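> dropping a prediction and its sequence here:
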Protein chains: 2
Amino acid sequence: MATDDPRDDELALAEAPDTVVRADDREAEAKIPDDRIDDERMDEENTLKPEFVAAVRNALDAEDGEAVYDLVEPLHPADIADLLELFEREERHRLAASITDLMSSEVVAELNDYVRDDMMESLAPEAVASIAEQLETDDAVQLIEDLDSSDQRAILAELDAEDRIAIERALSYPEETAGRLMSRDFVAVPEHMTVGALIDYLREDGDLTDDFWEIFVVDHTHHPVGTCQLSWILRTPRDIPLSDVMKRDQTLIPVMLDQEEVALMFQKYGLISAAVVDEDDRLVGQMTVDDIVHIIAEEAGEDVMLLSGAGEGDINEPLRDAYKSRVRWLVANLGTALVASFIIAAFGAAIEELVALAVLMPIVASIGGNAGTQTMAVTVRAIAMNQLTRSNTGRILLREMKVAFLNGATIAVLVGLATGAIFTPTLGIVIAAAMIINVVTAGLAGVLVPVIFDRLRQDPAVASSVFVTMITDSMGFFAFLGLAVSAGLAG
Amino acid sequence: MATDDPRDDELALAEAPDTVVRADDREAEAKIPDDRIDDERMDEENTLKPEFVAAVRNALDAEDGEAVYDLVEPLHPADIADLLELFEREERHRLAASITDLMSSEVVAELNDYVRDDMMESLAPEAVASIAEQLETDDAVQLIEDLDSSDQRAILAELDAEDRIAIERALSYPEETAGRLMSRDFVAVPEHMTVGALIDYLREDGDLTDDFWEIFVVDHTHHPVGTCQLSWILRTPRDIPLSDVMKRDQTLIPVMLDQEEVALMFQKYGLISAAVVDEDDRLVGQMTVDDIVHIIAEEAGEDVMLLSGAGEGDINEPLRDAYKSRVRWLVANLGTALVASFIIAAFGAAIEELVALAVLMPIVASIGGNAGTQTMAVTVRAIAMNQLTRSNTGRILLREMKVAFLNGATIAVLVGLATGAIFTPTLGIVIAAAMIINVVTAGLAGVLVPVIFDRLRQDPAVASSVFVTMITDSMGFFAFLGLAVSAGLAG
């Protein structure tokens, strides 16, 4: 539905309709039920079919804006976001321009961070501001938090005072804290209110959010004293006071708590929503589990990326950022590889005398590296999930030592016998002994390195790998070559 | 509170009180608000303080059951579960015996799978059955699904008919499908019902679950036609029919859908609960997000473990299982290390002539391995999150090739200059060229290996690592030694 508006060339998101659903217009917007998992467009994994994506691409290339619109229109906002992510930058901007009035705030909220930032940067501040106005505060904050501070100021200046203040207050908290992420729209009522009075209040106050799953009960100083699930309210007679319905035992989230800890609390206590409190324990916001699921997935996925040195590891990350974070890691690993090379160089004469040492030495280092990675992955994950604490570190270390010894012994027997048969029995014994030493060292390093980083309040996923690899590589070469020389095989 | 009951020696969970909270007794059970993050027992990461755990351990060792009980009693059930997990097996059983009537169904539901199975195996079937009766069906299924089938039958025989049928029906679906995991307690009402009639029904029917966040609206054949958030109901006048309040555009979960796909749907569409439908699209259950958060964390964490070959990677996994899954991986890696050794052996004469080759060759292999792991981690995660599909594989491959080339070139310059300075310029050029070849190969393998496994409908996280490592190791040694020989440096 291209128009002559020049902004269409960029991305005219600004006209996106208000998509906040109100009880009275919910019926009007209802479409033919499409019962998600829609065979025409989605495959069995609920991703967009390649044929469908190709059809959109063809229509785009043919500059047939109407065909593009008709194809995309039946999609859920989350699937429109997926479609935008599948395209490369230039196609994506053309697609967005063709479906201007489908680019709702819900689509924007569902976009991958990198893709959203890229699209926002190409927009005028007033266009971004009018999208931000339609979003919940927490989504609006996400929209602008990664932009330059001059862009941020320009956008904030376009917002009306109420929205601006809410966003500025959120931005005043550090990134990834509850204060930054929480929603400031919630329902809080006094303790003496009855169920009936609450229902009347909810029916009458048109300004309230629809996005609440629990009611927070507060005292006159705005301290939370209890929480009511909506189902409890619906199941209780009108004349009962909320103080008889609410649960007093609540989980309160301090405003400065890191998102990782918030996510663990939601998981641990099975929360749907939770009150966020300030330094004086006054209710200032709520967090709901639908925001938390993204954090859980992000934090858990982050560990894989950090352990393998892949930075953010998002396929939408700009090339330059991906290069920078990964090359830094490779350079660090170059350092550890050099340590291993120095050890090999020290045994140069032995290798010259018995070239079999050069043939076999990578086996010892490589298996040690793998064993170390296994233990490290288990340890890092257990630390991240709060399963490994000071109270059980000793027990877990002992357990990992036992596994390492069993693994080391098994591999030692296999490698030792084969080496003994192919080369000499002495070389078989040497490689078997080196293997046990290295796998047990790997187990020890795999537990201790992440635990030490954690005690030093460093993220164990970030740097453990470099150290564990250095230890297992060096120990592998040193144990094998050193034992070979001691056994009089060479050198 | 030790008694003379001999079952106390095992675990007398059976007497655990019914912990389902009803509106009328919620007040009665309310304790002094303990406002989670409780300074006396919990540290700032919301894990149990080592001093507190030590105090419990001391009381246990002193056989002072009353002191143990008094220490544990103020804890939330999820924290009691954590406490049990921190102890080793024998202590854990003694602890459980000391706090019999704190061992509620909530504690059991929160326990780590391995710990729960271990504790259940030590109990008589009738004791497990009486715990199962207090649990929601989905939690009860989890309690018994991993037990031997003879134990399962013995426990099912102890249950009353209604619970037994519900559990048997759940067990008839494959593990990790929606049918196995869903709750059979939900609220479904006809379309013509008004808001007022719904509220009256909810107030009057005492058998309903409290665990619902949305109401499902069904037609006369029990097909879902819409969903109502409870907040919408509370905000709508009594005389409005539900058909005017409900959202018709719903996300329905097929009963056979895998839990990983279910979790992705909850994330993608920001769901709090969703209707589960059978083959004929009839409503048969619901899934709520509090169960999904565990699945999201599990699935995301699983990828780290699988990529590093650490099996389930749970610190509570029995030693034998941990050994079995990890040694299998190490043996597979032994195979790949052998391939690398054969390549080195083929260049034995060259190494004998120029021992610098043996010193430097692990650097090429190691950096290639790291680069491959980075790309592979990014690819595996993108596949798991449904971000990488047939529609953008080509684009992502191109992107990764660019990153790989930049990384390879950077490392090649560093290593080439250093080698040129320390050894000879020709050796510097050889190692630089080998490095670029290996890092680019690593990037190619890091994308293609997981993508091919995914196309073959294999979990890319399981086996990609072995293949990628084999490719980067072999290519590293082959390119470096081969180029050295071609350059006339040796051999």
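That came through, no problem.
> so A:Ala275: helix, strand or coil?
strand (DSSP: H, G, I helix; E, B strand; the rest coil).
> distance check, it against chain B.
10 Å (CB to the nearest CB, to the nearest Å). For the C-beta atoms, the positions are set from N, CA and C on the backbone; glycine is no exception.
> ok, that residue - contacts?
A:Phe186, A:Phe216, A:Pro224, A:Thr227, A:Gln250, A:Leu252, A:Ile253, A:Leu283, A:Gly285, A:Gln286 (CB atoms under 8 Å, 6 or more residues apart in numbering or on different chains).
> let's go with 10 Å and repeat that
Residues in contact with A:Ala275, defined by CB atoms under 10 Å, 6 or more residues apart in numbering or on different chains, are A:182, A:186, A:188, A:214, A:216-218, A:223-224, A:226-227, A:250-253, A:281-287.
> which non-adjacent residue is nearest A:Ala365?
A:Gly476 (3.4 Å; CB to CB, 6 or more residues apart in numbering or on different chains).
> the one you found and A:Ile436 touch, don't they?
No. Taking CB atoms under 10 Å as the definition, A:Gly476 is not a contact partner of A:Ile436, at 11.6 Å.
> out of those two, which sits in the more crowded spot?
A:Gly476 (30 against 20; other CB atoms under 10 Å in any protein chain shown).
> I'd like to know how many residues surround the nearest residue to A:Ala154 once chain neighbours are set aside.
Nearest non-adjacent residue to A:Ala154, counting by CB to CB, 6+ apart: A:Pro125, 3.8 Å away. By the criterion of other CB under 10 Å, A:Pro125 has 21 neighbours.
> any idea how far the residue in the stretch 251-400 of chain A that chain B sits nearest to is from B:Glu298?
Proximity to chain B, evaluated over the stretch 251-400 of chain A using CB to the nearest CB, is greatest for A:Ala300 at 3.1 Å. From A:Ala300 over to B:Glu298 the distance is 9 Å, taken as CB to CB, to the nearest Å.
> give me the more crowded residue out of these two.
When A:Ala300 and B:Glu298 are compared for neighbours, A:Ala300 comes out ahead with 24 against 17, by other CB under 10 Å.
> so that one touches B:Val304, yeah?
Yes. Taking contacts as CB under 10 Å, A:Ala300 lies within contact range of B:Val304: 7.9 Å.
> which residues are common contacts for the two?
A:Arg381, A:Ala384, B:Arg381.
> helix or strand right after the helix or strand encompassing the last one?
Translated: B:Arg381. B:Arg381 belongs to helix B:356-384 when assigned by DSSP states H and E. Sequence order places helix B:393-422 as the next helix or strand after helix B:356-384, per DSSP H and E.
> A:Gly491 belongs to a helix, doesn't it?
No. Under three-state DSSP, A:Gly491 sits outside any helix and is assigned coil.
> ok, it touching A:Leu483?
No. Contact status for A:Gly491 versus A:Leu483: not in contact, 11.1 Å apart, counting by CB under 10 Å.
> just the endpoints, please. Distance across stretch A:189-206?
Using CA to CA, to the nearest Å, the end-to-end distance of stretch A:189-206 comes to 16 Å.
> can you give the domain ranges for chain A?
Chain A breaks down by automatic domain parsing into domains covering A:6-177, A:188-304, A:319-486.
> okay, strands next: where are they in the stretch 201-350 of chain A?
A:214-218, A:224-229, A:252-254, A:273-277, A:283-288 (DSSP state E, counting those that start in this stretch).
> re earlier: using JSON lines, lay out the shared contacts of A:Ala300 and B:Val304 together with pLDDT and neighbour count.
Output for the shared contacts of A:Ala300 and B:Val304, formatted as JSON lines (pLDDT from 0 to 100; neighbours: other CB atoms under 10 Å in any protein chain shown):
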{"residue": "A:Arg381", "pLDDT": "88", "neighbour count": "29"}
{"residue": "A:Ala384", "pLDDT": "87", "neighbour count": "23"}
{"residue": "B:Arg381", "pLDDT": "88", "neighbour count": "29"}
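> redo the residues you listed as a markdown table? Include distance to B:Met119.
Output for the shared contacts of A:Ala300 and B:Val304, formatted as a markdown table (distance: CB to CB, whole Å):
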| residue | distance to B:Met119 |
| --- | --- |
| A:Arg381 | 23 |
| A:Ala384 | 25 |
| B:Arg381 | 34 |
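> and the next helix or strand past the helix or strand bottoming out on mean pLDDT in chain A?
Every helix and strand in chain A was compared by mean pLDDT, DSSP states H and E; the lowest is helix A:26-29, with a mean of 38. With elements assigned by DSSP H and E, the helix or strand that comes after helix A:26-29 is helix A:50-61.
> which of the three states applies to the residue nearest to A:Ala365?
Going by three-state DSSP: A:Gly476 is helix.
> separation between the residue of the stretch 251-400 of chain A closest to chain B and B:Ala297?
6 Å.
> joint contacts of those two?
With CB under 10 Å, 6+ apart as the test, A:Ala300 and B:Ala297 both reach A:Ala263, A:Arg381, A:Ala384, A:Met385.
> low pLDDT regions in the stretch 1-150 of chain A?
Residues of the stretch 1-150 of chain A that meet the criterion pLDDT under 70 lie in A:1-38.
> swap in 90 and give it another go.
A:1-47, A:88-90, A:93, A:96-110, A:112-114, A:116-150 (pLDDT under 90).
> which stretches in it count as helices?
Along the stretch 1-150 of chain A, the segments classed as helices by DSSP state H, counting those that start in this stretch run A:26-29, A:50-61, A:65-72, A:77-86, A:89-98, A:105-110, A:113-121, A:125-134, A:137-145, A:149-158.
> quick one: is the fourth one near chain B?
Yes. Shown here: helix A:77-86 in contact with chain B (CB under 10 Å from any CB of the partner chain) through A:Pro77, A:Ala78, A:Asp79, A:Ala81, A:Asp82, A:Leu83, A:Glu85, A:Leu86.
> so where is the stretch 301-450 of chain A shaky, pLDDT-wise?
Ranges of the stretch 301-450 of chain A meeting pLDDT under 90: A:301-318, A:336, A:381, A:384-386.
> can you do 80?
A:301 (pLDDT under 80).
> and the domains of chain A: which comes nearest B:Arg153?
Closest to B:Arg153 of these, according to CB to CB: domain A:188-304, at 30.2 Å.
> which ones are touching the residue of the stretch 51-200 of chain A found nearest chain B?
Ranked by CB to the nearest CB, the top residue of the stretch 51-200 of chain A for proximity to chain B is A:Val53, at 4.0 Å. In this structure, A:Val53 makes contact with A:Arg41, A:Thr47, A:Leu71, A:Asp82, A:Leu83, A:Leu86, A:Phe87, B:Thr389, B:Arg390, B:Ser391, B:Asn392, judged by CB under 10 Å, 6+ apart.
> again with A:Val359
A:351, A:419, A:422-423, B:340-348, B:351, B:358.
> repeat that for A:Asp459.
Contacts of A:Asp459 by CB under 10 Å, 6+ apart are A:Glu260, A:Glu302, A:Asp303, A:Leu306, A:Val380, A:Ile383, A:Ala384, A:Pro450, A:Phe453.
> need those residues in a markdown table (columns: distance to B:Asn316).
Formatted as a markdown table, these follow (distance: CB to CB, whole Å):
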| residue | distance to B:Asn316 |
| --- | --- |
| A:Glu260 | 21 |
| A:Glu302 | 23 |
| A:Asp303 | 19 |
| A:Leu306 | 24 |
| A:Val380 | 16 |
| A:Ile383 | 15 |
| A:Ala384 | 15 |
| A:Pro450 | 18 |
| A:Phe453 | 22 |
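> residue contacts, A:Arg92?
By CB under 10 Å, 6+ apart, the neighbours of A:Arg92 are A:Leu11, A:Leu60, A:Leu83, A:Leu84, A:Glu85, A:Leu86, A:Leu111, A:Val115, A:Asp118, A:Met119, A:Ser122.
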